[in-house]
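S.K.: quick one, structure for this:
(one chain, ligands or ions: 1)
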Amino acid sequence: MANMVKKASVFEILNHWITAVSFIILAVTGYGFLFHLEQLNSIFGNFNVMKDWHNWSGVVFTVSLFFTIFNYLPVSLSFGSDDIGWIFKAGGYFSKRAAVPPQDRLNAGQKLFYLLLLIAGIAISASGFVIWLMPGVRKWVLLSHLAHNISFDLLIIAVPLHIYLATLANPGTFRIMVYGTVPIEWAKKRHAKWVQKMGF
Ligand code: HEM
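M.R.: Got it, this is the predicted structure:
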């Protein structure tokens with residue numbers, strides 16, 4: 001068994017699954033509303049039950065988004081020259097020969113994904129609560145529909161890309177969200193700066 005290093009705590013793992021599952025329920029039920037998918041209504045029972053699933057998954061998503069702040073915000077805000085270098089080299093995804101600068105616990109792409117998730121997540125949650133709880137305030141409801149749709153468009157592009165990058169595109173990454181650990185050699189290649197900080 002290779003020497004392992006801990007990359008995610010049990011709390012981070014649990015919270016990530018709560019974010020992921022609630023997001024997927026929100027996306028599926030949200031598409032149900034958008035395209036009037038009658039078949040989906042019947043899977044959930046009826047339209048009102050599907051709406052309840054959407055609203056309450058929104059509550060779960062919002063709470064889990066709040067907890068991500070402790071897990072990912074400090075590292076995502078520590079943006080330096082190595083992160084800029086990573087972006088200019090596109091993380092080495094387009095050329096195996098590109099020398100990519102050493103990365104922290106999250107690479108620059110992951111940091112940007114998190115910051116996008118946080119901003120779009122706050123917008124989609126806040127606007128969702130206005131639509132749900134303040135239906136009489138017409139001006140706010142209209143603005144909220146716009147914010148809800150724009151943030152949904154951003155997330156529905158970014159999240160599948162995140163899932164692809166965290167699974168098929170980077171073998172060995174998915175285990176972080178199951179076990180929280182990765183082999184040290186794997187981490188040295190992808191997160192050299194972080195491994196060094198950890199004293200390995
Ligand atoms: C269900 C499929 C998903 C899989 C397989 C997956 C996988 C992963 C993995 C393996 C990591 C750890 C990456 C690392 O530490 O190097 C991660 C991190 C993360 N995931 Fe997911 N994820 C999924 C869904 C989601 C969803 C739906 C969201 C948000 C709506 C999300 C948000 C995040 C965030 C913010 C991070 C930390 C930043 C990053 O690594 O990009 N994930 N995910």
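S.K.: please count neighbours and contacts with C-alpha atoms only from this point.
M.R.: Will do.
S.K.: now the lowest-mean-pLDDT helix or strand in the chain, how far from the chain's geometric center?
M.R.: Ranking every helix and strand in the chain by mean pLDDT, DSSP states H and E puts helix 38-44 at the bottom, with a mean of 89. Between the centre of helix 38-44 and the centre of its host chain there is 27 Å, according to CA atoms, centre = their mean, to the nearest Å.
S.K.: which strands and helices sit next to that helix?
M.R.: helix 10-34, helix 47-77 (3 or more CA pairs under 8 Å, 6 or more residues apart in numbering; DSSP states H and E).
S.K.: one more time with 7 Å
M.R.: helix 47-77 (3 or more CA pairs under 7 Å, 6 or more residues apart in numbering; DSSP states H and E).
S.K.: remind me what the helix it packs on packs against, helices and strands.
M.R.: Checking 3+ CA pairs under 7 Å, 6+ apart, helix 47-77 ends up next to helix 10-34, helix 38-44, helix 108-133.
S.K.: kindly reformat those helices as TSV containing mean neighbour count and distance to His148.
M.R.: Below are the helices and strands packed on helix 47-77 laid out as TSV (neighbours: other CA atoms under 10 Å; distance: least, CA to CA, whole Å):
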stretch	mean neighbour count	distance to His148
helix 10-34	17	10
helix 38-44	14	21
helix 108-133	18	5
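S.K.: I'd like the ones you listed laid out as CSV, including distance to Val75.
M.R.: Output for the helices and strands packed on helix 47-77, formatted as CSV (distance: least, CA to CA, whole Å):
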stretch, distance to Val75
helix 10-34, 14
helix 38-44, 39
helix 108-133, 7
